[in-house]
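>>> I would like the atomic coordinates for the input below:
(chains A and B)
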Amino acid sequence: MHQLLQQIFSGLAAGAIYASLALALVMIYRATNLVNFAQGEMAMFSTYIAWTLVNAGLPFWGAFLITLAVSFLGGMAIERIVIRPVENAPILAAVVVTIGLLLIFNSLAGWIYSYTLQEFPSPFPDRPLFGALMTTRDIGVIAVTLVVLAVLFCFFRFTTTGLAMRAAAQNPESARLCGIHVGRMLAIGWGLAAAIGAVAGIMVAPALFLDPNMMSGVLLYAFTGALIGGITSPVGAVIGGLIVGVTENLVGTYLIASQLKFTVALILIILVLLFRPNGLFGTAIVRRV
Amino acid sequence: MSESLPVGAAGKLAPIRASVPNAAKVRWPCNWPWNWPWNWPWRWLAGAALIALAVVLPFALSNYHVFTLTQVMIYAIAVLGLNILTGYNGQISLGHGGFFAAGAYTAAILMHRYGVPYWATLPPAGLICFVLGVLFGLPALRFEGPYLALVTLAMAVAMPQLLKYFDTWTGGQQGIVLVKPLPPPGLGLDRDRWLYFFVLAVLLLAMRLAANLLNGRTGRALVAIRDHPIAAVAMGINTPRYKTLAFGASTLFTGVAGALAAIVVGFVAPESFSLFLSLSFLVGSAVGGIATIGGAIVGGFFIESVPNLANDVSDAAPWAIYGLAMLLFMYLMPRGLVGTLGPWFVHAMRKFRSARGAPK
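Numbers count the residues shown, from 1 in each chain, chains lettered A, B, ... in the order given. Purely as a prediction, here's the structure:
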C-alpha cells in the first residue's frame, strides 16, 4: 500500500511536467490549429538559457523569470518569422516547418552547448515527507504546475487580452470584425506556449539532466496527455498529463518492464480514443455542410 | 477555385470558368506526370527516355553512388506509399517508419531463419504490412487530423521498443545480419548494380500500380474523402472501406520498401527505425509534392541526399542546415516541387499547344 501511494505521488510529479508541456501544445493548437512538434526542443533550449543564467551567478528564481520572459519573446518571434509564412499553406507544409524547427533547435543546442549531460540545480530541496510517501521536490513541481494553470486561467478569464485571444481562437473572422488584432493574438499564444514549455523544461531538467535530447520522451508523454485530455482543452491537457504520469509509473512498477514504456503510452491513447475520439474533455467539432 | 465545384456543374459554369485566369484552372493536386497534356507517343517516349537514363546511369557512377541511388529509390517507394494515405486520402501518418520496420524485419526473419530467397520475401512483407495497416486503419477511422497524426507518431516511437522486446525473433538490440544476395550468373553485373536494377524494377512496378489505383474510381473516391468527407458520404462513397483500403495499400508499399532496405543494406536493427525515419518520410512526401506520384522520387532524393549535403556545408550543426532547407522549401514551394512545378508545366504545355492551334 505504501509503495503504491509512493508510486502514485511520484507519478503525479512526473505527470505535472507532462501536463505543463501538454498545456503548451494545447495553447498552440487552439491558436493556430497546428501540432507543434518543436515544442519539446523549444523548452529544451529555454532550459539551456536558464542554465546559462544560473551558471552566471543569478539566483534561481531570478533566472527562472528572465528565462520565461526571453522564451515568451522568442515564441512570439518564431510565430512571426517562421510560422506566419505557412499560415495559409497546406497543413502538411506547416507540419514540416515545425519538424524543421525541431531539427534546428536540437542541432543548435548541440552546437552551442555540446551533447554532454549537464547537471541542473533544483530549486526545491529533496527531503522525504509524510514517512517517505513523497518528496518536497515532487510537491514543488506539482505546486508550480498548479500555479501556472491558475495564472493561465485568470489570464483567459479576467483580462481583456485573454478574452480577445479566446475570441481569435474560436472564430478568427468575427474576432477580426470586432477589431481584435488576430495575428497579434496568435503571436501571444505562441509566446505563452514557449513560456509554459520553459517551465516544464526547467522542472524536468534536475531529474533528467540537461542535454539536447532531453525532451523527446517528455514530448511524447505530453502528446499522449494532450490527446487523452482532448487537444482543445487546457484542463483536459493537465488531467491527461497527470493520468499519463501515474499510469506510466504504476504500469512500469507492477505490470511490465520499463523498456515498453512507450508501448504503454500507445495502448493508453488508442484505448481512450476508441471510446472518446475527441479525448476526455475535448469538444467534438460540428461542421456546417 | 474551379476544383471545388461539383462535377455536374462544370458544364453550366463554363462561361464563369472562361473568365477565370488560366492559371487558376490548372487542377491541383494533379497526377503529374501521368496527366501531361501530351499526345501518347510523346508521353511514352519521355517515360522511355527517363527509364533509359535510369538504366544507363549506374554504369557511369561509382559503387558508392549506385548504392546511394538504390537507397533513394527505396525511400521513394516508401514515400509513394505515404502519399497514397496522406496526399490522396488526407490521413496524416507520422508512423510509416514503423511499417517500414515491419517490412524490413519480415524480410530479414524469412531470409535469416527460413532461408527464403531474397526476391520471395517481398510479397509476404507487403502482405503482412497490408494486414497490419488494415488493422491499424480500423481504429484510425475514428481519429481525425491531429489525433491520427499523434497516434501514428506514438506507434513509430513504440516500434523500436517492441522490436527489442521480442528478441527471440528479432535478435534484440544486435539486430539481424543478412548475407547480401548474389547477382544471377551470366548477367555480368556486380552485386550493387544488380540490386540497383532489382529495386528499380520494383519502383517502376510500384509507380504503375499506384497510378492504376489512383487515376480511377478509387483515386477519385480517396480524393473526395480528403476534400469533403460529408459530401463524399452523400455521394455514396463507402468512406470506412476506402479509408481502410488506403491505409492498407499505403502500408503495403512502405512494407515492400522496408523489405528492400533490409535486402540492400544487409542488416536490420531497432535503432535504424527511429521516429526520425517516419518524420523523414513525411518530409519527403511534402517536399516532393503531396498527392503526386512523381513527387515520391524527389522526396526520396531529398531525404537521402540533403542530410549528406548539409554535413558538407557545416560539420558543427548539420541538422540545423537540413531543418533550414526544409523551411526554405516549404516557403518557396508549399505544395512540394512536383505539386508546384507540375501544374505550371501543364499550363505552359497547354499554352504552347493552343498557340500552335493544336486541338486540346
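>>> Quick check: residues of the stretch 201-350 of chain B near chain A?
Within the stretch 201-350 of chain B, the positions near chain A by Cβ under 8 Å from any Cβ of the partner chain are B:230-231, B:275, B:279, B:282-283, B:285-287, B:290, B:316-327, B:329-331, B:334-335. Where you see a C-beta, it was placed from the backbone N, CA and C, and this is true even at glycine.
>>> do that again at 7 Å, thanks
Neighbours of chain A within the stretch 201-350 of chain B, by Cβ under 7 Å from any Cβ of the partner chain: B:230, B:279, B:282-283, B:286, B:290, B:316-320, B:322-324, B:326-327, B:330-331, B:334-335.
>>> and these, which of them are in helices?
Members of those lying in helices (criterion: DSSP state H): B:230, B:279, B:282-283, B:286, B:318-320, B:322-324, B:326-327, B:330-331.
>>> Weed out the non-buried ones from those residues.
Neighbour-count burial (16 or more other Cβ atoms under 10 Å in any protein chain shown) applied to those gives B:279, B:282-283, B:286, B:318-320, B:322-324, B:326-327, B:330.
>>> pLDDT below threshold where in chain A?
A:131-132, A:256-258, A:284-289 (pLDDT under 70).
>>> Helices along that one, start to end?
Assigned by DSSP H, chain A shows helices spanning A:2-32, A:39-55, A:60-78, A:91-113, A:136-158, A:160-170, A:172-177, A:182-208, A:215-229, A:234-250, A:261-275.
>>> starting at the chain centroid, how far to stretch A:140-155?
Counting by Cα atoms, centre = their mean, to the nearest Å, stretch A:140-155 is centred 13 Å from the centre of its parent chain.
>>> Put the alpha carbons of that stretch into CSV.
Output of stretch A:140-155 as CSV, limited to C-alpha atoms (Å, rounded to 0.1, in the frame of the first residue of the first chain):
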residue,chain,number,x,y,z
GLY,A,140,7.3,21.7,-5.5
VAL,A,141,6.9,20.5,-9.1
ILE,A,142,3.2,19.9,-8.7
ALA,A,143,2.7,23.3,-7.0
VAL,A,144,4.5,25.1,-9.8
THR,A,145,2.2,23.4,-12.4
LEU,A,146,-0.9,24.3,-10.4
VAL,A,147,0.3,27.9,-10.2
VAL,A,148,0.9,28.1,-13.9
LEU,A,149,-2.6,26.7,-14.5
ALA,A,150,-4.1,29.2,-12.1
VAL,A,151,-2.3,32.1,-13.7
LEU,A,152,-3.4,31.0,-17.2
PHE,A,153,-7.0,30.5,-16.0
CYS,A,154,-7.1,34.0,-14.6
PHE,A,155,-5.4,35.4,-17.7
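>>> Mind listing residues that contact that stretch?
With Cβ atoms under 7 Å, 6 or more residues apart in numbering or on different chains as the test, stretch A:140-155 has contacts from A:12-13, A:16-17, A:19-20, A:123-124, A:162, A:196, A:199, A:203, A:234, A:238.
>>> hmm, back to that, TSV for the helices of chain A, including distance to B:Ala201 and mean neighbour count?
Output for the helices of chain A, formatted as TSV (distance: least, Cβ to Cβ, whole Å; neighbours: other Cβ atoms under 10 Å in any protein chain shown):
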stretch	distance to B:Ala201	mean neighbour count
helix A:2-32	44	23
helix A:39-55	41	24
helix A:60-78	45	18
helix A:91-113	30	23
helix A:136-158	56	16
helix A:160-170	51	17
helix A:172-177	50	13
helix A:182-208	48	24
helix A:215-229	38	28
helix A:234-250	46	24
helix A:261-275	36	19
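>>> OK, contacts around residue 139?
Since you didn't name a chain, this refers to chain A. A:Ile139 neighbours (Cβ under 7 Å, 6+ apart): A:Leu129.
>>> my bad, the chain I had in mind was chain B
So B:Pro139 contacts A:Ile270, A:Leu274 (Cβ under 7 Å, 6+ apart).
>>> That one: which element?
B:Pro139 belongs to helix B:122-140 when assigned by DSSP states H and E.
>>> for that helix, which positions count as buried?
Quick answer for helix B:122-140 (16+ other Cβ under 10 Å): B:122, B:124-126, B:128-130, B:132-134, B:136-137, B:140.
>>> Convert it to PDB, retaining C-alpha atoms only.
The C-alpha coordinates for helix B:122-140 follow below in PDB (Å, rounded to 0.1, in the frame of the first residue of the first chain):
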ATOM      1  CA  LEU B 122       8.700  -9.000 -50.900                       C
ATOM      2  CA  PRO B 123       5.200 -10.500 -51.300                       C
ATOM      3  CA  PRO B 124       5.000 -11.700 -47.700                       C
ATOM      4  CA  ALA B 125       6.400  -8.500 -46.400                       C
ATOM      5  CA  GLY B 126       3.900  -6.500 -48.400                       C
ATOM      6  CA  LEU B 127       1.100  -8.800 -47.300                       C
ATOM      7  CA  ILE B 128       1.900  -8.600 -43.600                       C
ATOM      8  CA  CYS B 129       2.200  -4.800 -43.700                       C
ATOM      9  CA  PHE B 130      -1.100  -4.700 -45.600                       C
ATOM     10  CA  VAL B 131      -2.800  -6.700 -42.800                       C
ATOM     11  CA  LEU B 132      -1.100  -4.500 -40.100                       C
ATOM     12  CA  GLY B 133      -2.100  -1.400 -42.000                       C
ATOM     13  CA  VAL B 134      -5.800  -2.500 -42.200                       C
ATOM     14  CA  LEU B 135      -5.700  -3.500 -38.500                       C
ATOM     15  CA  PHE B 136      -4.300  -0.100 -37.700                       C
ATOM     16  CA  GLY B 137      -6.600   1.700 -40.100                       C
ATOM     17  CA  LEU B 138      -9.700   0.300 -38.400                       C
ATOM     18  CA  PRO B 139      -9.300   2.200 -35.100                       C
ATOM     19  CA  ALA B 140      -7.900   5.100 -37.100                       C
END
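>>> picking that back up, among the helices of chain A, which comes closest to B:Ala158?
B:Ala158 sits nearest to helix A:261-275 of all these, at 4.3 Å, using Cβ to Cβ.
>>> for residue 129, what are its contacts?
Assuming you mean chain A. Counting by Cβ under 7 Å, 6+ apart, A:Leu129 touches A:Thr135, A:Thr136, A:Ile139.
>>> my bad, chain B
Residues in contact with B:Cys129 (Cβ under 7 Å, 6+ apart) are B:Phe99, B:Ala102, B:Gly103, B:Thr251, B:Leu252, B:Thr254, B:Gly255.
>>> From chain A, how far off is the third one?
B:Gly103 is 19 Å from chain A, where distance means Cβ to the nearest Cβ, to the nearest Å.
>>> Buried residues in the helix or strand hosting that residue, which are they?
Assigned by DSSP H and E, B:Gly103 belongs to helix B:96-114. Under the neighbour-count criterion of 16+ other Cβ under 10 Å, helix B:96-114 has B:96-112 buried.
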